[in-house]
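Peer 1: coordinates only, sequence not included:
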């Protein structure tokens, strides 16, 4: 029914157009016949037909003089001159109307196409808005769950304990340096963190980057990488690649850090946002398989995300 | 994949000469992985002569068709109890039946009373009991009502077996004009009755919300006109006779208004007709094609198909505010929407990689899921309990009806023995 109705509707819409085109064809054809028969009547001169016929030799072939011209010659001869002057006039009038009609059709189609684009873009905007709100709510939830100066994401509760992955055999592990709090580090971290709480995300990015330059192996370095990963996602426009790098760094250098499952979950989300569904699924499934036995909320979040999107 | 062919018993209640031709058979093509095993024991007949209808067989077939049950073969049954005292649970455990349905059919003059009890075999206790009464010649409908009750008890969802289908069958007539037959049948395709036979197309059958009247488009006068017809009296009324397109009638949920497509003012637009006064109200006003209106269950808005955005998509018109918003965004073709009673699930025709499939759209999450793997699917119609979608498709070069559950898990076909079948319309719950 659907296609049938639309189809019948289309016929309906294009109907008048077809009609016009047909009418025009008819008039042109008449004119051609007039032109053809007129010279054919006295001496049958094909050269003049070819000259005067604006459509080339096609009509001459379609109506060979032998069968058509000869039979009609006596009667059509006198009638032809009368009809030929009228025909071109009617033809051009029809052509004008037809042109206008065609142009209107084109305009309508163009407007419809644009209409569709506006609708789709409005929808994309709506989606983006709700996504960014979601992201913000997610971040806000984590923030509010973290105590003032707390280091860990909400998913781990206010974890400011000194238990940090000290013995890491990462390639960039500065022996002994990692995990020890350096003088001034806590203050620097807190001030960067307060920017996050104040929702000054761009400044927070700068602050954490500065923090990592100053204390690359400090006690809060893993946290800083994590926050950078989060922040790159909420700044406008989001920097997915930098976010991915931050989370990846955290995972490779601090695999035993309490935030590792969260980072892995976030990597899944980042890959999803980047359109790499397979990689995304890989990370999310790894969260579930590697941390399924822990009480990390990243596990549940990954499960939910997998269920919703895969 | 399970493949089970149930040839429905030919009926004695032949109403028209075309009965045999229009009969649909059911082939289950896909069921769920772990259907519930249930034994439906033949019901005892308490009346003169033999039972006019094997009620238990109809219940059995209904449950099997839902895809959620695996009825036990009669030949495997170790007993034929019809009363609680005759039940030996070990007999049913032995054949791994989880549930047991027994019953009795009692003749009461021209009426018939079906009493039934449902037992949980493992817990060895009665789960449900009930009875239905009705005219003896409606025995199949009584059986469907028993199946409805059992289905609801075990799945938590009301059954929709005691409902009916409308469809159009077309018999090609080489060298002559085709025959179009508007047919009414039970939800299992049995007892088909031809309501209208015409040599001109019959389209877009639909139901009044109380299931007592139907509407359709017929070209019998040489051009399309919308009719409504009372099923009980057969009284018929021509509602429209406008120039151009008269199509896609859709009753409002309160039954007072009919949405329709007319092209009398130019391009096809949606109109509302007050069925009492016959007064027309124009709803859409656009040079694009607006068609296939359908009502949201609250009656406050309409969904319709329009190509005002360049491609056919579903739009929603709010009758109170007069605003139109686009509903579908996924894909370049979405049309012919029908809304489930929950007002949330919308089934529609969706084009994906050049093929037309039936898809379901969740209006809350905006998630669209393609349900069918067949192609050239059209005219989806959703069961009143929202569990199954009936649609028209092509199989082996012939137009057939097919059904799919709203989660895509259960699929079956209802091929006609002859001719093409199209445009199914699943009835609402029938008033009893």
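Peer 2: Perfect, thanks for sending it. Since this is a predicted model, take the numbers as computed values, not measurements. Numbering: from 1, shown residues only, chains lettered A, B, ... in the order given.

Peer 1: which residue sits closest to the residue in the stretch 101-250 of chain A positioned nearest to chain B, ignoring its sequence neighbours?
Peer 2: Nearest residue of the stretch 101-250 of chain A to chain B, counting by CB to the nearest CB: residue A:116, 3.0 Å away. Backbone N, C-alpha and C define where each C-beta goes, glycine included. Leaving aside its sequence neighbours, residue A:116 sits nearest to residue B:309 (CB to CB, 6 or more residues apart in numbering or on different chains; 3.0 Å).

Peer 1: Now do the SS call for that neighbour.
Peer 2: With DSSP: H, G, I helix; E, B strand; the rest coil as the basis, residue B:309 sits in coil.

Peer 1: my guess is it meets residue A:112, correct?
Peer 2: Yes: Residue B:309 lies in contact with residue A:112 (CB atoms under 8 Å); the separation is 6.3 Å.

Peer 1: Next up, the contacts around the residue of the stretch 101-250 of chain A closest to chain B.
Peer 2: Going by CB atoms under 8 Å, 6 or more residues apart in numbering or on different chains, residue A:116 touches B:308-311, B:313.

Peer 1: So it: helix, strand or coil?
Peer 2: helix.

Peer 1: Check which residues of stretch B:135-146 are buried.
Peer 2: Residues B:136, B:138-146 are the ones in stretch B:135-146 that count as buried (16 or more other CB atoms under 10 Å in any protein chain shown).

Peer 1: Please apply the same query to stretch B:293-302.
Peer 2: Buried-residue list, stretch B:293-302, by 16+ other CB under 10 Å: B:293-296, B:301-302.

Peer 1: what about that stretch and chain A, any contact?
Peer 2: No: counting by CB under 8 Å from any CB of the partner chain, chain A is not contacted by stretch B:293-302; separation bottoms out at 10.9 Å.

Peer 1: quick one: contacts of that stretch?
Peer 2: B:248, B:250-254, B:259-261, B:270, B:283, B:303-304, B:316-320, B:337-339, B:341-343.

Peer 1: end-to-end on that stretch?
Peer 2: 6 Å (CA to CA, to the nearest Å).

Peer 1: picking up where we left off before, ok, the residue nearest to residue A:116 - contacts?
Peer 2: A:112-113, A:115-117, A:119-120, B:326 are the contacts of residue B:309 under CB under 8 Å, 6+ apart.

Peer 1: Make CSV from those residues and add pLDDT and distance to residue A:242 to it.
Peer 2: As requested, the contacts of residue B:309 are exported to CSV (pLDDT from 0 to 100; distance: CB to CB, whole Å):
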residue, pLDDT, distance to residue A:242
A:112, 92, 41
A:113, 92, 37
A:115, 92, 38
A:116, 92, 35
A:117, 93, 31
A:119, 93, 33
A:120, 93, 29
B:326, 95, 35
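
Peer 1: now for these, which pair is the farthest apart?
Peer 2: Greatest spacing in the contacts of residue B:309, by CB to CB: A:113 and B:326 (14.1 Å).

Peer 1: The two: which is more packed in?
Peer 2: Of the pair residue A:113 and residue B:326, residue B:326 is the one with more neighbours under other CB atoms under 10 Å in any protein chain shown, namely 20 against 13.

Peer 1: ok now do the more buried one, which residues does it touch?
Peer 2: A:119, A:123, B:309, B:313-316.

Peer 1: Among those, which are located in strands?
Peer 2: Judged by DSSP state E, strands contain the following of these: B:313-316.

Peer 1: so residue B:363 touches residue B:328, yeah?
Peer 2: No: contact criterion CB under 8 Å: residue B:363 and residue B:328 do not qualify, at 10.2 Å.

Peer 1: More neighbours: those two, which one.
Peer 2: residue B:328 (26 against 17).

Peer 1: Quick check, the more buried one in contact with residue B:359.
Peer 2: No: using CB under 8 Å as the test, residue B:328 is too far from residue B:359 to be in contact (9.2 Å).

Peer 1: Name the residues contacting each of those two.
Peer 2: B:334, B:348, B:368.

Peer 1: need the residues of the stretch 101-250 of chain A near chain B, please.
Peer 2: So the stretch 101-250 of chain A meets chain B at A:108-109, A:112-113, A:115-117, A:119-120, A:123 (CB under 8 Å from any CB).

Peer 1: What helix or strand is residue B:117 located in?
Peer 2: For residue B:117, the host element (DSSP states H and E) is strand B:111-120.

Peer 1: What's the first helix or strand after that strand?
Peer 2: Following strand B:111-120 toward the C-terminus (DSSP H and E): strand B:125-135.

Peer 1: Direction included, what does that following strand pair up with?
Peer 2: strand B:111-120 (antiparallel) (DSSP bridges).

Peer 1: List of residues touching the strand it pairs with?
Peer 2: Contacts for strand B:111-120 (CB under 8 Å, 6+ apart): B:43, B:47, B:52, B:55, B:84, B:87, B:89, B:98-106, B:125-136, B:138-139, B:142-143, B:146, B:149-150, B:153-154.

Peer 1: run the last query once more with 7 Å
Peer 2: B:43, B:55, B:84, B:87, B:99-106, B:125-136, B:139, B:142, B:146, B:150, B:153 (CB atoms under 7 Å, 6 or more residues apart in numbering or on different chains).

Peer 1: Also stretch B:83-99?
Peer 2: B:36-39, B:72, B:76, B:78-79, B:81, B:100, B:117-122, B:124, B:154.

Peer 1: Filter these down to the buried ones, PyMOL style.
Peer 2: The buried residues among the contacts of stretch B:83-99 can be selected in PyMOL (16+ other CB under 10 Å) with this line:
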select buried, chain B and resi 36+37+38+39+72+81+100+117+118+119+121+154
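
Peer 1: mind checking the SS state of residue B:106?
Peer 2: From three-state DSSP, the assignment for residue B:106 is strand.

Peer 1: Now rank the shared contacts of residue B:328 and residue B:359 by neighbours and give me the top one.
Peer 2: Neighbour max across the shared contacts of residue B:328 and residue B:359 (other CB under 10 Å) = residue B:348, 27 neighbours.

Peer 1: so that residue touches residue B:334, yeah?
Peer 2: Yes: with contact defined as CB atoms under 7 Å, residue B:348 reaches residue B:334; the gap is 5.3 Å.

Peer 1: Need the residues touching each of the two.
Peer 2: In contact with both residue B:348 and residue B:334: residue B:314, using CB under 7 Å, 6+ apart.

Peer 1: Okay, now the unreliable bits of chain A?
Peer 2: A:1-94, A:147-181 (pLDDT under 70).

Peer 1: residue ranges of the helices in the chain, please?
Peer 2: No chain in the question, so chain A it is. Here chain A has its helices, by DSSP state H, at A:2-40, A:46-52, A:58-62, A:70-145, A:185-197, A:201-214, A:221-234, A:240-253, A:260-273, A:277-291, A:297-309.

Peer 1: um, chain B though
Peer 2: Going by DSSP H, chain B shows helices at B:19-22, B:55-65, B:89-94, B:139-155.

Peer 1: Compare the ones you listed and give me the one nearest residue B:30.
Peer 2: Nearest of the helices of chain B (CB to CB): helix B:55-65, 12.0 Å.

Peer 1: State the distance from the closest residue to chain A within the stretch 251-400 of chain B to residue B:120.
Peer 2: Here the residue of the stretch 251-400 of chain B nearest chain A is residue B:309; by CB to the nearest CB that distance is 3.0 Å. Separation of residue B:309 from residue B:120 (CB to CB, to the nearest Å): 54 Å.

Peer 1: Around chain A, which positions in the stretch 301-432 of chain B sit nearby?
Peer 2: B:305, B:307-312, B:326, B:329, B:335-336, B:349, B:378-379, B:423 (CB under 7 Å from any CB of the partner chain).
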